[in-house]
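Student: everything below, folded, please.
(one chain, ligands or ions: 1)
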Amino acid sequence: MARVLLTGGAGYIASHTAVVLLERGHEVILLDDFSNAERDVPARLERLTGHNLPVIEADIRDSEAVSAALAAQPVAAVIHFAALKAVGESEADPLRYYDMNIIGTIRLLEAMQAGGVARIVFSSSATVYGQPDSSPIPEHAPTRVQNIYGRTKLVMEDLISDLARTGKLRAAANLRYFNPVGAHPSAMIGETPRGVPNNLMPYLTQVATGRRPCLNVFGTDYATPDGTGVRDYIHVMDLAEAHALALEHILAHDVALTVNLGTGIGISVLEMVQAFERATGRAIPLNISPRRPGDVASYYANPAMAERIFGWKARLNIEDMCRDAWRWEAAKAGINDV
Ligand code: UDP
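Tutor: Below is the predicted model:
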């Protein structure tokens with residue numbers, strides 16, 4: 001059992017990971033600046049898990065604060081989630097993204113080195129593959145970043161891999177997520193996008209609550225079975241479990257890994273809508289719209305490496321994802337007939 005620091009610990013994927021880590025007997029410390037996370041997430045986590053969760057309010061670029069935290073409570077590893085993550089925003093303000101994501105990671109790695117913490121799990125993204133030649137996408141596929149956000153994730157991976165290669169880190173796992181969706185089945189934690197959601201699932205759940213009139217389907221003329229875009233959606237609880245297994249692997253072995261986390265199953269926009277309607281009993285009005293610029297027709301993982309190395313495989317299906325995403329959104333909207 002290990003004590004672990006989660007940067008960006010109050011965020012969407014980190015908060016679900018914290019639940020799984022606590023269930024598996026680990027000790028969790030959250031570090032967050034609350035610039036893009038709800039203030040009440042730590043309290044919700046405490047209610048949900050019954051565990052006390054130390055919270056450090058700090059920016060990862062604040063080396064002094066991070067060093068002080070590591071000195072006060074030494075940890076076996078860091079799981080690094082803290083980052084800016086909006087593609088459009090990254091293109092509008094590249095320096096802000098370089099500063100927070102890349103400089104922030106350098107500052108964090110410095111603080112870890114000063115504190116003798118030599119193991120890290122990193123929250124990366126399948127966005128580093130850009131426009132893939134084909135799917136399923138294996139880890140050795142070429143990386144072709146398409147935007148500043150993707151660039152920062154790839155540079156962050158490279159920094160971590162370089163430190164591992166040169167012996168400055170003993171173990172590292174770069175985890176490339178496909179499309180995380182869903183929420184904890186308790187509906188006590190979930191995703192809270194600010195403003196109009198860009199992603200399919202949060203938009204879909206807001207249509208279901210009546211907050212938005214209809215779902216815009218971005219393109220029905222792709223070379224996919226029903227013409228709509230295909231993605232690899234993964235339940236956030238499966239993703240959280242993968243983090244716990246990756247952590248346990250890098251605590252036990254001195255390795256540097258880059259691993260896809262997806263189900264390996266491609267789901268189209270229309271299949272997602274149908275699954276959502278089945279799982280929730282709510283009808284979703286559709287508005288067929290033009291393609292969204294920059295979108296790829298089909299994008300899904302080859303997840304074999306995660307199974308081989310961590311013994312991990314996604315267990316929850318598309319209806320589980322829809323049901324839990326809906327429970328969370330409905331709870332926030334005060335809808336009780338779920
Ligand atoms: N999509 C859609 N309507 C929306 C949001 C997304 O039709 O309001 C489609 C999008 O074109 C893509 C899929 O849903 O084919 C997943 O989009 P998302 O933004 O969630 O993930 P990403 O494209 O970043 O993988």
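Student: and the residue of the stretch 151-300 of the chain found nearest the ligand, what does it touch?
Tutor: Among the residues of the stretch 151-300 of the chain, residue 229 lies closest to the ligand, at 2.1 Å counting by CB to the nearest ligand atom. Just so you know, the C-beta spots here come from the backbone N, C-alpha and C atoms, and that holds for glycine as well. Residues in contact with residue 229 (CB atoms under 8 Å, 6 or more residues apart in numbering) are 218-219, 222, 268-269, 295-299.
Student: what segments of this protein are helices?
Tutor: Taking DSSP state H as the test, the helices found in the chain are 12-23, 41-49, 63-72, 87-92, 94-97, 104-114, 148-165, 200-208, 236-252, 269-280, 304-310, 318-333.
Student: got these as TSV, with mean pLDDT, distance to the ligand and mean neighbour count columns?
Tutor: Shown next, in TSV, are the helices of the chain (pLDDT from 0 to 100; distance: least, CB to the nearest ligand atom, whole Å; neighbours: other CB atoms under 10 Å):
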stretch	mean pLDDT	distance to the ligand	mean neighbour count
helix 12-23	98	13	24
helix 41-49	98	22	18
helix 63-72	96	30	16
helix 87-92	94	8	14
helix 94-97	98	16	15
helix 104-114	98	22	20
helix 148-165	98	10	20
helix 200-208	97	4	22
helix 236-252	98	13	22
helix 269-280	97	4	20
helix 304-310	98	19	17
helix 318-333	97	12	22
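Student: partner residues bridging residue 181?
Tutor: Taking DSSP bridges as the rule, residue 181 bridges to residue 235.
Student: correct me, but it touches residue 326?
Tutor: No. Checked against CB atoms under 8 Å, the pair residue 181 and residue 326 is beyond contact range at 10.8 Å.
Student: what's the neighbour count on residue 144?
Tutor: 13 (other CB atoms under 10 Å).
Student: relative to residue 122, how far out is it?
Tutor: 20 Å (CB to CB, to the nearest Å).
Student: ok, now residue 172?
Tutor: According to CB to CB, residue 172 stands 7 Å off from residue 122.
Student: which residues are common contacts for these two?
Tutor: By CB under 8 Å, 6+ apart, the residues touching both residue 172 and residue 122 are residue 160.
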